[in-house]
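J.: Everything below, folded, please.
(one chain, ligands or ions: 1)
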Amino acid sequence: MTVAHDLQPEEKKQAIVVPGPFDIERIRADFPTLHEKVHGDKTVVYLDNAATSQKPRIVIDTLNHYYTHDNSNVHRGVHSLSQRATFAYERARGKVKNFLGAESEKEIIFTRGTTEAINIVAQSYGRTFLREGDEILISEMEHHANIVPWQMVRNQTGAKLRVIPMNDRGELLMEDFYKLLTKRTKIVSFVHVSNALGTINPAKEIIDAAHGVGAVVLVDGAQAVPHTRVDVRELDADFYTFSAHKVLGPTGIGALYGKRDLLERTPPWQGGGDMIDRVTFEETTYNDLPHKFEAGTPHIAGAIGLGAAIDYMHRIGFENVEQQEANLLLYGTERLSEIEGLRIYGTAADKAGVLSFNVDGIHPHDLGSIMDMEGIATRVGHHCAQPVMQHFGIPATCRASLAFYNNTEDMDLFVQALYKAIRMLK
Ligand code: PLP
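T.: Numbering: from 1, shown residues only. Okay, the predicted model is just below:
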C-alpha cells in the first residue's frame, strides 16, 4: 500500500527554481567536490566525468534526507516510514520513466548499474531464447560490460558472437554492419556513446536495421544519458540501460528499460524476496513487472537520489548541456591539436565530450600522475575497452572527459598542466 506524501523539503526548494540562462558559476557552486583541494592548495579540475560524474548538493541532501527522515524497507510495510520510503522509491521510478521516454513504470527495472543490466538481459533474455548457431552482434568499441556478458551467454548457449569493426576515426563501419546482420542475428547490443573515444553511434539506424532481420536490440546508454536527451520510444530500443553515477546520481544504482511485452516474456534473473507472488516448496509464481526483476531489498536511497539527479538535469536542460560540452570539446580539441606529437584517438564526425590521447614517447600513466600533482583529474588506462586499444595498437590512453559543469578555465588549466608534464617527461 502506498500513500501520497508531500514533496521532501529539498525537492520543494528544487521545484520552485525556474530554469534560467546557463550560469556556469552558479551551477559550479552546486557541486561541492569541484571546490576540493588536493596536493595542498590545488583546486580539483575534474575531467574524469566518463568514469563518474560529480554530485550536486541536491542529490547529496536528498540521500541525507531519506536516511534521516524516511529510512525503511519498501513494499512490505504498513507503517508510515515504509509507506514514505515506498512512495519515494516508486516516484523515482516514474522520474526514470519520463527521463527515458518510456511508456510505463513497468518497463523500468532498477539495477546496480549498466553492468548488471546487461548481465540481466544476457542471462534472462539471452540464455532463454538463444540457440546454437544464433548470432549476437556487438561492436569493436564496446565497454567490457557489453562484451563479457555476451561471451558468457555464448558459451552457455552455443550462439556466436560477431563484431562490427570501426575505422581509425572510431566510427562504426556501417557497410560491414549490414553485411554481418542476417537472419541468424538474434541480439544486437551496442554502445550509444563510446566511453573510450566519444563516438556517438547512429543508434536509430542500427536499431531499425536490426529489427529488419527480427533481432532484439540492447543499447548501452551509460555515456549517452549524461550528455543528450534519450527517448527510448523514438529510438524504438528493445532494451536501454544506464548508470546513475554517470549522470549526477549515486553509485550502485541504475536502470534497465525493456519493452513491456519483452519483459513479460522474459523469466526473472534472480530469485528471492519481492520478485514473487506466491511461494510454496513445490512452486513459485512471480510478481508483476517491474518487481519480477528486482529480487531482494533494492538500493532505495540510491533510486531516490537518482530521481533528484534527473530533476537537476531537467533544470539545467539538455540543450544547455549539449551546447556547453560541444563548446568545450571544440576548444579542447583545438588546444590539444597544437601540441607536437599528440594524437587524439576518436575523431568521429559525431562525437561527445571525450578527449582520449597519447603523446609520442611518453607513457599516459606518467602524464596522468604529473597532471594530478597540478590538481587535474584525468583517467589513464584502457578505459575498460581493451579491444579499442588493440585496434590502435596501444596499451592505454590519457582521457579527459567533460561535463556541462566544466568551464574554459578547466580546459586551460588542463592544457597548461599537460605542457608542464610533457616538458618534464621529454
Ligand atoms: N558502458 C559504458 C559505455 C561505460 O562507460 C561504462 C562505465 O564506464 C559501463 C558500461 C559500465 O558502467 P557501470 O560500471 O556503472 O556498470
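J.: Tell me how this protein divides into domains.
T.: Split into domains by automatic domain parsing, the chain comes to 80-314, 318-425.
J.: what's the closest of those to the ligand?
T.: Nearest to the ligand, of all these, is domain 80-314, at 3.2 Å by Cβ to the nearest ligand atom. Bear in mind the C-beta positions are built from the backbone N, C-alpha and C, glycine included.
J.: Count the neighbours of Glu264 for me.
T.: Number of residues near Glu264 (other Cβ atoms under 10 Å) recorded here: 12.
J.: swap in Glu103?
T.: 12.
J.: What parts of the stretch 1-150 of the chain come near the ligand?
T.: By Cβ under 6 Å from any ligand atom, the residues of the stretch 1-150 of the chain that approach the ligand are 50, 113-115, 143, 145-146.
J.: Restricted to buried residues, select those residues in ChimeraX.
T.: In ChimeraX, this line selects whichever of these come out buried by 16 or more other Cβ atoms under 10 Å:
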select :50,113,114,115,143,145,146
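J.: how about TSV for the residues of the stretch 1-150 of the chain next to the ligand, with distance to Lys259 and secondary structure added?
T.: Output for those, formatted as TSV (distance: Cβ to Cβ, whole Å; DSSP: H, G, I helix; E, B strand; the rest coil):
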residue	distance to Lys259	secondary structure
Ala50	28	coil
Gly113	21	coil
Thr114	18	helix
Thr115	21	helix
His143	23	coil
Ala145	21	helix
Asn146	19	helix
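J.: Deepest in the core, which of the domains of the chain is it.
T.: domain 80-314 (a mean of 20; mean count of other Cβ atoms under 10 Å).
J.: Chain neighbours aside, what residue packs nearest to Leu180?
T.: Spatially, and ignoring its direct neighbours in sequence, Leu180 is nearest to Arg162 (5.3 Å; Cβ to Cβ, 6 or more residues apart in numbering).
J.: need the contact list for the one you found.
T.: 135-138, 180, 185 (Cβ atoms under 8 Å, 6 or more residues apart in numbering).
J.: Any chance you could note which residues of the stretch 251-400 of the chain sit beside the ligand?
T.: Neighbours of the ligand within the stretch 251-400 of the chain, by Cβ under 6 Å from any ligand atom: Cys384.
J.: where do the helices sit along the stretch 251-400 of the chain?
T.: Per DSSP state H, counting those that start in this stretch, the stretch 251-400 of the chain carries helices over the ranges 260-265, 300-316, 318-337, 364-373, 386-392.
J.: Turn those helices into TSV, columns for mean pLDDT.
T.: Listed next are those as TSV, based on pLDDT from 0 to 100:
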stretch	mean pLDDT
helix 260-265	98
helix 300-316	98
helix 318-337	97
helix 364-373	98
helix 386-392	98
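J.: re the thing from before, name the nearest of the residues of the stretch 1-150 of the chain next to the ligand relative to Ala308.
T.: Nearest to Ala308 among those: Gly113, at 17.2 Å, using Cβ to Cβ.
J.: surely that closest one meets Gly249?
T.: No - applying Cβ atoms under 8 Å, one finds Gly113 not in contact with Gly249, separated by 10.1 Å.
J.: Let's have the domains of the chain in CSV, adding distance to Asp30.
T.: Shown next, in CSV, are the domains of the chain (distance: least, Cβ to Cβ, whole Å):
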stretch, distance to Asp30
domain 80-314, 8
domain 318-425, 8
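J.: what's the pLDDT at Val3?
T.: Per-residue confidence at Val3 stands at 32 (pLDDT).
J.: What of Ile206?
T.: 98.
J.: The one 5 residues further on now?
T.: At His211 the predicted local confidence, pLDDT, stands at 98.
J.: Just give the nearest non-adjacent residue to Gln151, would you?
T.: Here the nearest residue to Gln151 in space, its sequence neighbours aside, is Leu161; by Cβ to Cβ, 6+ apart that works out to 6.2 Å.
J.: Could you look up the SS state of the one you found?
T.: Assigned by DSSP: H, G, I helix; E, B strand; the rest coil, the conformation of Leu161 is strand.
J.: Could you shift the numbering so residue one becomes 20, and keep it that way?
T.: Yep, numbering from 20; the last one is Leu180 now.
J.: Surely it touches Met171?
T.: No - the criterion here is Cβ under 8 Å, and Leu180 misses it with Met171 at 10.2 Å.
J.: Name the residues linked to the nearest residue to Gly387 once chain neighbours are set aside by a beta bridge.
T.: Among residues not flanking Gly387 along the chain, Val399 sits closest, at 3.7 Å (Cβ to Cβ, 6+ apart). Applying DSSP bridges to Val399 yields these beta-bridge partners: Cys417.
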